[in-house]
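*Asks:* Here you go, sequence then predicted model.
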Amino acid sequence: MKKLGMTLVALGCACLARLPAQGGTREYNEQYRPQYHFSPLRHWMNDPNGLVFLDGEYHLFYQYNPESTHWGPMHWGHAVSKDMVHWRNLPIALYPDGHGTIFSGSAVNDRNNTSGLGTLDHPPLVAIYTNHDVTIEKAGGIDFQTESIAYSLDKGRTWTKDPDNPVLRNPGSRDFRDPKVSWFEPTKRWIMTLAVADHVSFYSSNDLRHWVHESDFGREWGTHQGVWECPDLIAMTVAGETSRKYVLLVSVNPGGPNGGSGTQYFIGDFDGHHFALDADLRPRLQGTPGTGATASALSRASALPGKRFKAAWI
């Protein structure tokens, strides 16, 4: 496999943050409070979500339970930074609603206002996330996870949920979550990479509100010792060439090489409809469903030209 030339930077635990960045309050001076990694003022956090760069600010959203130090009803917490070192806490971005709690997702700058939720002069920031309806789950249903959107017209400070949510209904899977959305210029459509139990599904849309299923990948590749989660599809330039390859990252839980969760990756080509695993990799992965291609556990991505930043949680 040829070397991929784009920089991929891994940032531990929801990016780097130091005490002065988090406000210097009494809570951040606790004896065991992490000083190098970002943490909310109080209570539980897990997956970083919706990392996006807009007008000089990096936005970090994250799974957050504002009521307890234990996992519970998920919200989207929110912080911003100009350098990914010094972070400023903002109010909760997304609260649970009638469609369920707010699970993982992504955020995009809809600069061409394809969604019609803003204007060309004032385009929206759009969050795409999974609703998890515990009422349906407890009643024995399997379609309790759906995809919804919300938008902001004030740089992420306040959010409005689309009245037509969910924008993507569950076709009948207990695990149907973690939408990672990005713009695919060759087809001029948005691409959603979605984790569906033991594989990834690709959907496309011209407006972020109406989605069409394109294809699936992964049932026959990689590790299946756990549920597939938090996928990401990244275009990377081959070193010394102008051609590009696509890297599909998929977390798995459990199934990591050292126990617990992990992240596997697949390198190939994507045409806006299908992901094709690179021919050089197929012999290496063939017949190894218990191991796959494994890397350290990461979640979500944000981009600047020529770089991809990843954030993991601990």
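*Replies:* Thanks, I have it. Everything quoted here is computed from the prediction, not taken from an experiment.

*Asks:* nearest residue to residue 249 other than its sequence neighbours?
*Replies:* residue 232 (4.5 Å; C-beta to C-beta, 6 or more residues apart in numbering). Glycine gets a C-beta too; all of them are placed from N, C-alpha and C.

*Asks:* got it, and residue 189?
*Replies:* In space, residue 189 is closest to residue 204, 4.5 Å off (C-beta to C-beta, 6+ apart).

*Asks:* what do you get for residue 152?
*Replies:* In space, residue 152 is closest to residue 125, 4.6 Å off (C-beta to C-beta, 6+ apart).

*Asks:* these two touch, right, that neighbour and residue 50?
*Replies:* No: between residue 125 and residue 50 there is no contact under C-beta atoms under 8 Å: 9.1 Å.

*Asks:* Now for these two: what residues contact both?
*Replies:* 59, 107 (C-beta atoms under 8 Å, 6 or more residues apart in numbering).

*Asks:* Look at residue 313 and give its secondary structure.
*Replies:* coil (DSSP: H, G, I helix; E, B strand; the rest coil).

*Asks:* Please tell me how far it sits from residue 230.
*Replies:* 10 Å (C-beta to C-beta, to the nearest Å).

*Asks:* returning to that earlier point: list the contacts for the residue nearest to residue 189?
*Replies:* 184, 187, 189, 190, 191, 192, 211, 212, 214, 272, 273.

*Asks:* so where is this protein shaky, pLDDT-wise?
*Replies:* Where the chain drops to pLDDT under 70, the residues are 1-24, 287-306.

*Asks:* Could you rerun that using 50?
*Replies:* Within the chain, the ranges that satisfy pLDDT under 50 run 5-22, 289-301.

*Asks:* Correct me if wrong, but residue 61 is in a helix.
*Replies:* No: assigned with three-state DSSP, residue 61 falls outside any helix and is strand.

*Asks:* For it, which non-adjacent residue is closest in space?
*Replies:* Nearest one to residue 61, counting by C-beta to C-beta, 6+ apart, is residue 50 at 3.9 Å.

*Asks:* Which strand or helix spans that neighbour?
*Replies:* Using DSSP states H and E, residue 50 maps to strand 44-54.

*Asks:* Okay, buried residues for that strand please.
*Replies:* The neighbour-count check on strand 44-54 (16 or more other C-beta atoms under 10 Å) flags 44, 45, 46, 47, 48, 49, 50, 51, 52, 54 as buried.

*Asks:* JSON lines please, covering these and showing distance to residue 260.
*Replies:* Shown next, in JSON lines, are the buried residues of strand 44-54 (distance: C-beta to C-beta, whole Å):
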{"residue": "44", "distance to residue 260": "18"}
{"residue": "45", "distance to residue 260": "18"}
{"residue": "46", "distance to residue 260": "13"}
{"residue": "47", "distance to residue 260": "14"}
{"residue": "48", "distance to residue 260": "18"}
{"residue": "49", "distance to residue 260": "20"}
{"residue": "50", "distance to residue 260": "24"}
{"residue": "51", "distance to residue 260": "23"}
{"residue": "52", "distance to residue 260": "28"}
{"residue": "54", "distance to residue 260": "33"}
